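Undergrad: Quick one: sequence plus predicted model below, questions after.
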Amino acid sequence: MKRVLIVDDATTVRLYHRQILEQAGFAVEEAINGLEALEKAVADHYDLYLVDVNMPRMDGYTFLRQLRARDEVYQAPAVMISTESQEKDRKAAYAAGANYYMVKPVKPDLLARLAGLLTGGGAHDPTP
Amino acid sequence: MGLRKACNFPAQEQAAAEPGGLEQLLRQLADPDPESRRRAARKLAVHPEAAAPLAARLAEEPEPDVREAIATSLSAIGGPQTVASLIPQLASDDAPLRNTAIEILQHLPTDVATHIDSLLASPDPDLRIFAVNIMETLSHPRMEEWLGVVLRGDPDVNVVGTALNLLSEIATESILPAVEEARVRFASEPYISFVCQAVERRVREA
Amino acid sequence: MPDVRITEADFRAFRELFYRKTGIWFEDSKRYFVDRRLSERILASGNGSFLHYYQRLRYMEGGAEWQALINAMTVNETYFFREVHQFECLVNSMLEETVKRKGRNKPIRIWCIPSSSGEEPYSVALYLLERWERLDEFDVEILASDIDSEALERARDGIYSSRSVQNLPKEYVQKYFTALPGGEYLLCDEVRSAVSFSQVNLMDPLQTAPFSDIDIVFCRNLLIYFDDVSRRRAAETLYEALAPGGFICLGHSESMSRISSLFTLRRFPDAIVYQKPFGRAV
């Protein structure tokens, strides 16, 4: 089963994304800030990161930059999810190491499809 | 070689402090050496008058550990001057700076309360979101009023979403009509329905 | 005494708040464990219901109640070789990097704070004596501090219960302890004299200022009891005490993610620890 790490300080946002992704067949874990996300990324393997921008202790951009700088960690694709809809924020997300950028709140089917595409076609590994 | 008992330890003479006067420390806050700035920032925690200069430095400081020391000192100083100096930084383009400001402000709920009205009236939805974020740790008689206003009339889906997220933990029966209004206003947003449900469930099951 | 009623929704709300504060997440299977202790705390703190208690917790930044609550929810025994993987990490990884960085000219300094009744710093000593082949090439100073003078006295005395030493290999007990008539064990002089004890309040800059150039800090199961601001200040104090490249180990249920962004995460085969960055980021 493909594993996703949801990084957001808002409890209901994490829950909302969790429901969507679990329904799409992913195993989901959570982190409430960039620091916790980094700890989990270093300790465990994830196939996808869902990253909020504004969080206490460490924001999403900083988390992504630090994640991408770590050679020893598997560099899974990252979707940055933000309230900001301006082009400059999109550019900043990509510059920090995001693979995709979505504006909150996300629609369930869009997120599920994107997650599937970014993790190689689906939550379930085709090879046994 | 091997395990060696530390001699004359801890040596109290080492504790001879660098001079700690306010003027000197404020000058040191602009020192070219980051370590010197960091030490100054730490020592300024006991000088309430340093709130504004510290907040100003926070916005300019490139070194993460110096920023951290400044933030910690501001949290320790607290008070209305700290809050007033940090509120403008909520509008910054610099994400780490904004988030640091929010974090500090969340720890100063009583002093922040006087700013909530103006933040909620801001044309910038991000500032209105931050106002709700700051309410996380606020226990205030006007909470329900503020959140009610957001639910009933804020045009931005994420401001409303942030308010609902907070209410999913602290809601009481009396906010439910406003919650229903928010659900209707944003009927096309699955997330909003989701959080409204969470709020209603919490109230029912408490 | 009747238990306080805690619904499923109450448990979930509490769990979420506790997780945000401490990083500790209670699985559903821990429901009974949590409900019991939560119920006790609600009654002990004079609150009539879960809701009142919850509200108090949300709005009360630090304070005695959070401390008592965290105390109740975590297991706090101290004994020799507790969380032994960190000592494994010490001799297998951290010391290697330390000596590469330092060379031989200055002593390696290890600081245990809080040292409590001494099991931790003495565990470090035993590990170095028995498990680090390079000990005779270097000078190692073990510093141990605690705010509690009684705990320090017990530590200096070096007398331990059989429960405290039960995690030690039998050969170590025979080699380094003397069995006392009352069933307790007295740690030998060689090890006791290798540790420097001091009374230190981590929140007092004057008391912590003498600690500098520290290579490895063990600060286990202390910061979790502090409020948010005090945790940050304590983390900064430890950061300042550490040499660049120095390491810090927290307790197994603690994480810097609730404390400070100053340190870099390092993953070693035996443990995940934190490191003070070397130079300045460009």
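TA: That came through, no problem.

Undergrad: burial count for whatever residue of chain B ends up closest to chain A?
TA: Going by Cβ to the nearest Cβ, chain A is nearest to B:Y191 of chain B, at 3.5 Å. C-beta coordinates here come from the backbone N, C-alpha and C atoms, glycine included. Neighbour count for B:Y191, taken as other Cβ atoms under 10 Å in any protein chain shown: 24.

Undergrad: ok, and what's touching the strand or helix carrying it?
TA: Taking DSSP states H and E as the criterion, B:Y191 maps to helix B:190-205. Residues outside helix B:190-205 that contact it (Cβ atoms under 8 Å, 6 or more residues apart in numbering or on different chains) are A:12-13, A:15-16, A:19, A:104-108, B:157, B:160-161, B:164-165, B:167-169, B:171-173, B:175-176, B:179-180, B:182-183, B:186-187, C:7-10, C:13.

Undergrad: Now, of the residues you listed, which are buried?
TA: Listed as buried from these are A:12-13, A:15-16, A:104-106, A:108, B:157, B:160-161, B:164-165, B:167-169, B:171, B:175-176, B:179, B:182-183, B:186, C:10, C:13; burial here means 16 or more other Cβ atoms under 10 Å in any protein chain shown.

Undergrad: how about the closest residue to A:L118 other than its chain neighbours, what does it touch?
TA: Among residues not flanking A:L118 along the chain, A:P77 sits closest, at 4.3 Å (Cβ to Cβ, 6 or more residues apart in numbering or on different chains). A:P77 is in contact with A:48-49, A:99-100, A:118-119, counting by Cβ under 8 Å, 6+ apart.

Undergrad: Out of those residues, give me the one that has the most neighbours.
TA: Neighbour-wise, those (other Cβ under 10 Å) top out at A:Y49, 27 neighbours.

Undergrad: ok but that residue is inside a strand, no?
TA: Yes - assessed with DSSP: H, G, I helix; E, B strand; the rest coil, A:Y49 lies in a strand.

Undergrad: residues contacting it?
TA: Counting by Cβ under 8 Å, 6+ apart, A:Y49 touches A:4-5, A:7, A:37, A:41, A:64, A:67, A:76-79.

Undergrad: Among the residues you listed, which are located in helices?
TA: A:37, A:41, A:64, A:67 (DSSP state H).

Undergrad: So for the nearest residue to C:L51 once chain neighbours are set aside, what pLDDT did the model give?
TA: Nearest non-adjacent residue to C:L51, counting by Cβ to Cβ, 6+ apart: B:A206, 6.1 Å away. What the model reports for B:A206 is a pLDDT of 74.

Undergrad: What is the neighbour count of B:A206?
TA: When neighbours are counted by other Cβ under 10 Å, B:A206 comes out with 16.

Undergrad: cool, and C:L238?
TA: Neighbours around C:L238, by other Cβ under 10 Å: 27.

Undergrad: Make sure it is actually in contact with C:I248.
TA: Yes - the criterion here is Cβ atoms under 8 Å, and C:L238 meets it with C:I248 at 5.9 Å.

Undergrad: shared neighbours, those two?
TA: Common neighbours of C:L238 and C:I248 (Cβ under 8 Å, 6+ apart) are C:217, C:219.

Undergrad: Just the ones of the contacts of helix B:190-205 in strands?
TA: Judged by DSSP state E, the contacts of helix B:190-205 include no members of strands.

Undergrad: The chain: helices as residue ranges?
TA: If you meant another chain, say so; for now it's chain A. Using DSSP H, helices in chain A cover A:11-23, A:34-43, A:60-68, A:87-96, A:108-118.

Undergrad: actually it's chain C I care about, not the one you picked
TA: Under DSSP H, chain C gives helices at C:8-22, C:31-44, C:50-59, C:63-73, C:84-89, C:95-102, C:119-131, C:149-157, C:162-165, C:170-176, C:189-192, C:205-208, C:228-241.

Undergrad: can you check chain B too?
TA: So, for chain B - with DSSP H - the helices run B:22-28, B:34-43, B:51-60, B:64-77, B:79-86, B:95-106, B:109-112, B:116-120, B:125-134, B:143-153, B:157-170, B:176-185, B:190-205.

Undergrad: Distance to C:I147 added to the ones you listed, as JSON lines?
TA: Below are the helices of chain B laid out as JSON lines (distance: least, Cβ to Cβ, whole Å):
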{"stretch": "helix B:22-28", "distance to C:I147": "27"}
{"stretch": "helix B:34-43", "distance to C:I147": "20"}
{"stretch": "helix B:51-60", "distance to C:I147": "29"}
{"stretch": "helix B:64-77", "distance to C:I147": "19"}
{"stretch": "helix B:79-86", "distance to C:I147": "28"}
{"stretch": "helix B:95-106", "distance to C:I147": "27"}
{"stretch": "helix B:109-112", "distance to C:I147": "29"}
{"stretch": "helix B:116-120", "distance to C:I147": "39"}
{"stretch": "helix B:125-134", "distance to C:I147": "34"}
{"stretch": "helix B:143-153", "distance to C:I147": "38"}
{"stretch": "helix B:157-170", "distance to C:I147": "35"}
{"stretch": "helix B:176-185", "distance to C:I147": "48"}
{"stretch": "helix B:190-205", "distance to C:I147": "40"}
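
Undergrad: rewinding a little: now do the same contact list for the residue nearest to C:L51.
TA: So B:A206 contacts C:7, C:9-10, C:51 (Cβ under 8 Å, 6+ apart).

Undergrad: Now tabulate the residues you listed in JSON lines and tack on pLDDT.
TA: Compiled in JSON lines, these are given as follows (pLDDT from 0 to 100):
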{"residue": "C:T7", "pLDDT": "91"}
{"residue": "C:A9", "pLDDT": "90"}
{"residue": "C:D10", "pLDDT": "93"}
{"residue": "C:L51", "pLDDT": "90"}
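
Undergrad: Out of those residues, the closest to chain B would be?
TA: C:A9 (3.6 Å).

Undergrad: Setting the sequence-adjacent residues aside, check what's closest to the closest one.
TA: B:E205 (3.6 Å).

Undergrad: how many neighbours does B:R27 have?
TA: B:R27 has 11 nearby residues by other Cβ under 10 Å.

Undergrad: before we move on, what about B:I129?
TA: By other Cβ under 10 Å, the burial measure for B:I129, its neighbour count, is 25.
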